[in-house]
Structure formats: C-alpha cells, structure tokens
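Asks: What follows is a predicted protein model with its sequence.
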Amino acid sequence: MNSATKKGDTGRRGPSRRGSATTGGATDFGTWFLVLPALIPILVLSVGPLLYGIALAFTDSQSGRTAPTQWIGTLNFSDLLHDTLFWDSFRIGLLWAVGVTIPQFLLAMGLALLLNQNLRFRWLARALAIVPWAMPEVVVGIMWRLVYNPDAGILNETLRTLGFGEGRDWLTGLATALPAVILVGIWAGMPQTTVALLAGLQNTPHELHEAAALDGAGAWRRFRAVTWPALKPIALSITALNLIWNFNSFALVYVLTSGGPGGRTRLPMLFAYEQAFRYGQFGYAAAMGCVMVAVISVLLAVFLAGRLKGGADE
Amino acid sequence: MGTSRPARAGQYLALLAYLVFLAFPFLWLVSTAFKAPRELGDLHPTWIPKDPGLDNFRQAFDEQPLLQAAGNSLIAACSAALIAVAVATPMAFVMARHRSRLTTAATGWVVVSQAFPFVLVIIPLFLILKNLHLINSLPGLIMVYVVWSLPFALWMLVGYVRAVPPELEEAAAVDGASRLRTLVSVTAPLLAPGLVATALFAFITAWNEFFFALVLLKSPEKQTLPVILTHFIGAEGVADLGPLAAAAFLATLPSLVIFAIIQKRITGGMLAGAVKS
C-alpha cells in the first residue's frame, strides 16, 4: 500500500519541477531549500494520504485482518449504492449543512452590518462576537448539552418560567434532535462568517455610499445597489466554505448526540467514522469518503462558477 | 450620519440580542461549573449559584487525569505551532515573492485542503503512522497537526510577507546579501508580529482539535484534553454535570486568553486576505 503514497509524491513533484524549468529557472536550488521543509510533510501527510485513501476505496481493506488486502474494483461503491443507512445519513448531512449554512449567513450578515455601524461599545461587541471561534468544539458541545439538559438546563427552565409548559428532552427527542443540533451548528460558526463579511463591508467604497444617501436612496436600496455588489464575492466564498466545513463536521454532533436518537443526527462523517474505527471496514469507509469528496467537488464547482459570474458583473 | 433616534435604538437592541445569543451558553457553563453538587439536582436551576464553590473542580481532577491530559495538549499544541511556523515561513516567502507553477500548485493546495473530508485522509494517515510506529504517540499527532495547520498558516503568512515592501529585500540583495541572509535579517524582523499571530493561531487549532486525537491516540495517559473531556460523558449519554462543566471551563481558558491577544490580528489578517483576493 505504501507504493501508492510514493507514487503520489513523485507524481506531484514531477510536473512542478518541469514547470519551473520552463519559467526560466525561477525555482532554483535556493528556492527548493526554502520550500522543501513544508512541501515534504504536505506530500507525505496530506497529498499522499488523499491518493492512498482513494486507492483504498477499491480494496477490501479491513483493520486487524491477516489475509492480504485485495483489489475488488467498484464492489464497495455498488454496496454503498444499496446501503440505505448511508443514504439516510447522507440526506441528514445535506439537511444539516444547508440548515446550518443559510441561517448562519443571514444572522452573520445582520451582525456584520451592525458591527460596521458607528455604535458605542462596538469594540466590546466585536470581541464578544468571536468568542465561540476560540472554543474547542468539544466544549461547545458540552456547553449546549448543559443548556439543553431536561432538568438542570437553562432552556427548559426559561420555558417553565415563561409558562410554555414543562419543556422536553431536546437532544433525545426524535423530532427535536436534528433542529437542536443545527442551532448549535449555527451558533458555533457565526464568528468566522461575521468576521469575513465585516472585512468585506469595510472594503465597500464609502464615497459611493454617501453619494447614494445624498441622492435620497433608502437603507435597503443603498444595501442592494452599493454594498451587496462589493460584498458578493466574499459572501459567495464564505458560504461555499461554510457548506463544505459543515458537511465535514464531526466533533460537535459526536459530543451532543453521537448520532442518536435512532440515527436522526448521524452525519456522514460520524457514519464513516463508525464504519472505519468501530467495525474496521477501512475500504468501505474510504469509498464513503470518496462519495463525499465527489459531492463536495460538485459544490466547489458551483461555487467557482458563481464566483466567475460575480467577477464578470463587476 | 443621518440615522434617526428610533433607528439607533433599534440597532442597539438588535446588537444586544446578538450578544445575549452568543454569550449565554458560556455564562451557563460558568454558572454550572461553580454550583454546589447538591444544587445541580434542583428542579429550578438559577443563573447565579446559591452556594458557589470549587467542589466540581476537585471532583473533575479526581475522576479523570486532567493534568496529564493538559500536559499532553500543551506539548502537542506548542510543538505543532512552532514547527508549523518554522516550515511555513520560508514557503510563504517564496509563495508571496515568486510566481511559478510550484507556487500556483501550493496556493491551489491551500484552497483545496480546506475542502478535504477528514474521513478520506484519516484512514490512510492511521495506516501510514501505524507503519511508522507513530500510532498512539504524541510525535505522530504533532506531525499531523503541523500539516493540518499549514494551509491557514501559509495563507496568513503570505499576507504578512506581501505587506513587507520588496524594495527593502532588493536593497539587501544589491548589497550582496544571499536569499537566506535577506530572509533572516531583513524580512523576519518585520514579520515578527505576524509570525507570533500565526503561531498562536496554530496553537489554538491544535489545542482545540478532537478528531485526529480521538483516532490516533488510544491509551488514556497519552490522550489530549478534548478527548478526556468526552470521557466525562458516560456510555448512556448520562454525565455528571458539575465536573463536566468545571473541566470544560478550564480547558477553554487558554484558548480564550490567547484569542483575546491575537483577536485584532486575526480580523486584520482576514481583511488583508480579502483585499488580495
């Protein structure tokens, strides 16, 4: 199996060396000396494993088996096609990714617009707004478990105080588990999105804004005509990245529900993790990873097309 | 400018709502951590602990090897941060100053690696590290963390290098300084604040990381803090809330302190990246 890794290395290094020769020796010995300390770990532990992983998807590799691993063609993929548990998990993953990304974007947009205003305590608000970013995902999960706790949690207590009944066990209810987990996902990813949008807002031309205000354009018109065109590329990038990150997320849901109840929050990452490290089905789990990459690639392509279109508008 | 009074009031109200939404889970964590164990059984939990104490913290340290886990996390995060910055700086220098297919490929990798599904990488990584006898060892985990923090480190550092005027480097070159010499005595001092910010960011990333640590470390005495934290939650999903909250609170403090220090730079770095793209 190690040959796959090695092949990945030389395959990647070959073209770049040739490429440098054609650009008039820009990549000379000194440059290689500067680049190699980062390039070697990247090739061995990032590019290599990626290619190795794709290769594994076409084998019957299992953990702790003494018989040699064999090529089995696309058997894993045809098994996957009929694995209803996987497609359930996949559907939940898409629901989760979209359900988190869109509200996250709208909420972050509102917050970024507010933080871009000349309000008092803006510095404090900006500092507080990015606190969730600094927290370990595991702690975020634990924190929200405490909030959602049926007896000792503040959510049910608030509902009781406001007279909305006795509350419920949010994370173990079949109907409430996924929405409850999605809310945590929205909360956890707000800071990155807000900071990216805020950075974009601060690049919008101020003069245009004032000119539009002088011409009597209302707040909404000014946003549509001046702010949004300048913000669009950043908004598109951060949304696409959020979709990808959310689709790949693991730790939050692992801590909150471990995929339960009855698989209602079993994201594809959790499913693949169980297949690989609980049941030892390396080949099969790698095939799942490939399918996830394929979907992510499609999302990336859509994102790039959107970006190109955004560039043409300018 | 021309914002009316009611509109201003509305803005403050909206901002307050955001801050409450973002802050309340953390305040609840702190509240739970300092409550007496007896009080956690109460049917009507309150925001302010009635009889605040450190019992939960004591119990947390008794139940799980928190100190050892914190030590492991510290070693892993410090090593990963230092190595990542050491190997990323020269590469970022080349990426910012030269245009070749190599740098284009590197930039492409920085973007694409953001979309890597860890599940496709983790199985091969597990097998590769197993062959190298680096499974269940901190050095193995550190190597993974270095590679894993490189995309963002490179991205930040390329921005910082671009902010250093190339004229200075050209002047040094005219004076006969070698490439390495220029990097060490001209560029590096100007880059120092950026290097620190990048290192601290890599530290937080590694300190907070969970998935790789969960898969790559098996024995409890090697595990890092986030993995040990999940041990407070029992198999049935039942957790002893007090110690859980206390341990989670302690595990967050280092990240929060460091984040407070580099907060401005991260936002600034994002800004620089946004302008460049």
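Replies: Ah, there it is.
Asks: Could you check which residue of the stretch 151-300 of chain A lies nearest chain B?
Replies: residue A:289 (3.2 Å; Cβ to the nearest Cβ). All C-beta atoms are positioned from the backbone trio N, CA, C, and that covers glycine.
Asks: The one helix or strand residue B:192 maps to: which residues count as buried?
Replies: Per DSSP states H and E: residue B:192 is located in helix B:188-208. Using 16 or more other Cβ atoms under 10 Å in any protein chain shown as the test for burial, helix B:188-208 gives B:191, B:194-195, B:197-208.
Asks: That helix near chain A at all?
Replies: Yes: residues of helix B:188-208 contacting chain A under Cβ under 8 Å from any Cβ of the partner chain: B:204, B:207, B:208.
Asks: So chain B: which segments form each domain?
Replies: Listed by automatic domain parsing, the domain ranges of chain B are B:1-53, B:65-276.
Asks: Tell me which of those domains is the most buried.
Replies: Among these, domain B:65-276 has the highest mean neighbour count (mean count of other Cβ atoms under 10 Å in any protein chain shown), at a mean of 20.
Asks: contacting residues around the helix or strand just after the helix holding residue B:192?
Replies: Using DSSP H and E, the helix or strand that follows helix B:188-208 in sequence is helix B:211-216. Residues from elsewhere that reach helix B:211-216 (Cβ atoms under 8 Å, 6 or more residues apart in numbering or on different chains): A:250-251, A:273, A:277, B:76, B:118, B:122, B:125-126, B:129, B:135-136, B:140-141, B:144-145, B:148, B:223-224, B:226-227, B:230.
Asks: hmm, 7 Å instead?
Replies: Applying Cβ atoms under 7 Å, 6 or more residues apart in numbering or on different chains, the contact partners of helix B:211-216 are A:250-251, A:277, B:118, B:122, B:126, B:129, B:135, B:140-141, B:144, B:223-224, B:226-227.
Asks: With stretch B:27-38 instead?
Replies: Residues contacting stretch B:27-38 (Cβ under 7 Å, 6+ apart): A:143, A:146-147, A:154, B:47, B:49, B:51-53, B:55-56, B:241-242, B:245-246, B:248-249.
Asks: For residue A:249, what are phi and psi?
Replies: The phi/psi pair for residue A:249 (degrees, to the nearest 10) reads phi -80, psi 150.
Asks: who touches it in this structure?
Replies: Applying Cβ under 7 Å, 6+ apart, the residues near residue A:249 are A:267, A:269.
Asks: Return the distance of it relative to residue A:265.
Replies: Separation of residue A:249 from residue A:265 (Cβ to Cβ, to the nearest Å): 11 Å.
Asks: What of residue B:95?
Replies: 40 Å.
Asks: okay, now residue A:113: neighbour count?
Replies: Residues lying near residue A:113 (other Cβ atoms under 10 Å in any protein chain shown) number 19.
Asks: Could you say which helix or strand holds it?
Replies: Counting by DSSP H and E, residue A:113 is found in helix A:84-115.
Asks: In this structure residue B:205 contacts residue B:149, no?
Replies: Yes: the criterion here is Cβ atoms under 7 Å, and residue B:205 meets it with residue B:149 at 5.0 Å.
Asks: Name the SS class of the residue nearest the centre of chain A, please.
Replies: Central residue of chain A (Cα atoms, centre = their mean): residue A:245, 0.5 Å from the mean position. What DSSP: H, G, I helix; E, B strand; the rest coil gives for residue A:245 is helix.
Asks: Could you check the pLDDT of it?
Replies: Per-residue pLDDT puts residue A:245 at 87.
Asks: What distance do you get for it to residue A:71?
Replies: In terms of Cβ to Cβ, residue A:245 sits 33 Å off from residue A:71.
Asks: Name all residues that make contact with residue 49.
Replies: No chain was given, so I picked chain A. When contacts are counted by Cβ under 7 Å, 6+ apart, residue A:49 touches B:121, B:124, B:125, B:128.
Asks: I was thinking of chain B, sorry if that wasn't clear
Replies: If a contact means Cβ under 7 Å, 6+ apart, then residue B:49 has B:31, B:34, B:35, B:39 as its contacts.
Asks: how about the first one, phi and psi?
Replies: Its backbone dihedrals place residue B:31 at phi -60, psi -50, with angles given as degrees, to the nearest 10.
Asks: which phi and psi does residue B:233 have?
Replies: Torsion angles, degrees, to the nearest 10, at residue B:233: phi -90, psi 120.
Asks: How much space separates it from chain A?
Replies: Going from residue B:233 to chain A by Cβ to the nearest Cβ, to the nearest Å gives 7 Å.
Asks: What of residue B:196?
Replies: Distance check for residue B:196 against chain A: by Cβ to the nearest Cβ, it reads 17 Å.
Asks: What about the closest residue to that residue other than its chain neighbours? Give its phi and psi, please.
Replies: If the residues on either side of it in the chain are set aside, residue B:196 comes closest to residue B:262, at 7.8 Å by Cβ to Cβ, 6 or more residues apart in numbering or on different chains. Taking degrees, to the nearest 10, you get phi -100, psi 0 for the backbone angles of residue B:262.
Asks: Which pLDDT does the model give residue A:138?
Replies: If you check residue A:138, the pLDDT there is 94.
Asks: Give me the next element, helix or strand, following whatever helix or strand it lives in.
Replies: For residue A:138, the element it lies in under DSSP H and E is helix A:137-148. Per DSSP H and E, the first helix or strand lying C-terminal to helix A:137-148 is helix A:154-161.
Asks: In the next helix or strand after that next one, which residues are buried?
Replies: Remark: after helix A:154-161, the chain's next helix or strand is helix A:177-201, criterion DSSP H and E. Neighbour counts using 16+ other Cβ under 10 Å place A:177-178, A:180-201 of helix A:177-201 among the buried residues.
Asks: coming back round to it: out of the contacts of residue B:49, which sit inside helices?
Replies: B:31, B:34 (DSSP state H).
Asks: quick check, nearest of the contacts of residue B:49 to residue B:14?
Replies: residue B:31 (25.4 Å; Cβ to Cβ).
Asks: got a list of what residue 246 touches?
Replies: You didn't pick a chain, so chain A it is. Taking Cβ under 7 Å, 6+ apart, we find residue A:246 in contact with A:96, A:97, A:100, A:101, A:185.
Asks: oops, chain B please
Replies: By Cβ under 7 Å, 6+ apart, residue B:246 lies in contact with B:33, B:56, B:57, B:60.
Asks: Number of residues surrounding the residue nearest to residue A:155 when sequence neighbours are not counted?
Replies: Leaving aside its sequence neighbours, residue A:155 sits nearest to residue A:147 (Cβ to Cβ, 6+ apart; 5.3 Å). Number of residues near residue A:147 (other Cβ under 10 Å) recorded here: 23.
Asks: Sounds good, over and out.
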